[in-house]
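Asks: structure, please.
(one chain, ligands or ions: 1)
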Amino acid sequence: MLTLYHYVPVANGGKVLMALHEKGIAFDSRWIDLHTFQQHSPEYLAVNPEGQVPALVHDGVIITHTSVINEYLEDAFPDTPPLRPEEPLVAARMRQWNKYIDDYVMQAVSIHGWQNGAGKIARGYSDEAFEALMARIPLKQQQVKWRAARAGFPQEKLDECSQTIAEAVAKVEAQLAESGGPWLLGEMFTLADINFYAYCGGALATMFPRIGNRETCPLLLDWAARIETRPGCARALATKAPA
Ligand SMILES: N[C@@H](CCC(=O)N[C@@H](CS)C(=O)NCC(=O)O)C(=O)O
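Replies: Below you'll find the predicted structure:
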């Protein structure tokens, strides 16, 4: 029995939803609403004591952190379509991309996302209500991030993140030219494609049109469009909140 606790099908949630649907693995979807801070409710903390989504529960055992979850799916469901190359060196290349994306790209995009999304949510609460919500957050660094989003991140920080995103877009554009496509590592669609799309590639047109456009990264935009037509990815991206 597999249950995924998640929020909207972008960024972290989208990354695992895309892998599950691409592999055709059946799972139960449980929506955790970050707008109402459900991720820090006692009920959800009993599932994931870190108070973060997504979290996968497989036969009663929790697995967290998107890249760990996605590789776990590769190992635990070997009879499903693979998203990790078999050849050790190519798998290492995929993991290098994933590390770069997780450590740098995700962090940079996340600051912009929090500035626009989380900041608005946080400012919707009175000081007192906000402090009560902060007191429930188990990870200290997430308390710091919520407070920073409420106050607004310094422009210098936002500029630095934009610079990181621009570098990543250029790096992926060059990789697509070098690999010859259609995917980051060539012929095989892998977890690295899912990772970059979920955190950055899919958000370029809406979040960063000046960084990612037809002039700066035509190969990347075509690659993103190809991802959106894959049945598994399309199904994941269409995930809706329960009525
Ligand atoms: N390293 C984690 C990051 C997870 C993460 O940042 N989750 C966000 C949602 S996109 C979250 O739960 N934020 C809510 C909070 O911290 O209050 C992963 O890869 O799963």
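
Asks: what comes into contact with the worst-scoring helix or strand of the chain on mean pLDDT?
Replies: Ranked by mean pLDDT, DSSP states H and E, the helix or strand of the chain with the weakest confidence is helix 204-207, at a mean of 94. Residues outside helix 204-207 that contact it (C-beta atoms under 8 Å, 6 or more residues apart in numbering): Val109, His112, Gly113, Val169, Ile211, Gly212, Asn213, Cys217, Leu220, Leu221, Ala224. All C-beta spots, glycine's among them, are computed from the backbone N, C-alpha and C.

Asks: so the fourth one is in contact with Cys217, correct?
Replies: It stands for Val169. Yes. Under the criterion of C-beta atoms under 8 Å, Val169 makes contact with Cys217 at 5.2 Å.

Asks: the chain - how does it break down into domains?
Replies: 2-83, 88-230 (automatic domain parsing).

Asks: figure out how far the shortest one is from the centre of its chain.
Replies: Same thing as domain 2-83. Distance of domain 2-83 from its chain centroid, counting by C-alpha atoms, centre = their mean, to the nearest Å, is 11 Å.

Asks: for this structure, what's the longest helix?
Replies: helix 155-179 (DSSP state H).

Asks: that one packs against which elements?
Replies: Packed against helix 155-179, as judged by 3 or more C-beta pairs under 8 Å, 6 or more residues apart in numbering; DSSP states H and E, are the following elements: helix 106-113, helix 218-229.

Asks: quick one: which of the ones you listed is nearest the ligand?
Replies: Among the helices and strands packed on helix 155-179, helix 106-113 comes nearest to the ligand, with 6.7 Å by C-beta to the nearest ligand atom.

Asks: what does the closest one rub up against?
Replies: Helix 106-113 is contacted by residues 11, 153, 157-158, 160-162, 164-165, 168, 199-200, 203, 207-208 when judged by C-beta under 8 Å, 6+ apart.

Asks: keep those residues, but drop any that are not near the ligand.
Replies: Contacts with the ligand within the contacts of helix 106-113, as defined by C-beta under 6 Å from any ligand atom: Ala11.

Asks: with respect to the ligand, which of the contacts of helix 106-113 is nearest?
Replies: Ala11 (4.9 Å).

Asks: okay, now that closest one: neighbour count?
Replies: For Ala11, the neighbour count with other C-beta atoms under 10 Å is 19.

Asks: same check on the one 5 residues further on?
Replies: As a burial measure, Val16 scores 29 neighbours (other C-beta under 10 Å).

Asks: past the helix or strand hosting it, which element shows up next along the chain?
Replies: Per DSSP states H and E, Val16 falls inside helix 11-23. Later in the chain than helix 11-23, the nearest helix or strand by DSSP H and E is strand 28-31.

Asks: how about the helix or strand that comes right after that next one: buried residues?
Replies: Using DSSP H and E, the next helix or strand after strand 28-31 towards the C-terminus is helix 42-45. Residues Tyr44 are the ones in helix 42-45 that count as buried (16 or more other C-beta atoms under 10 Å).
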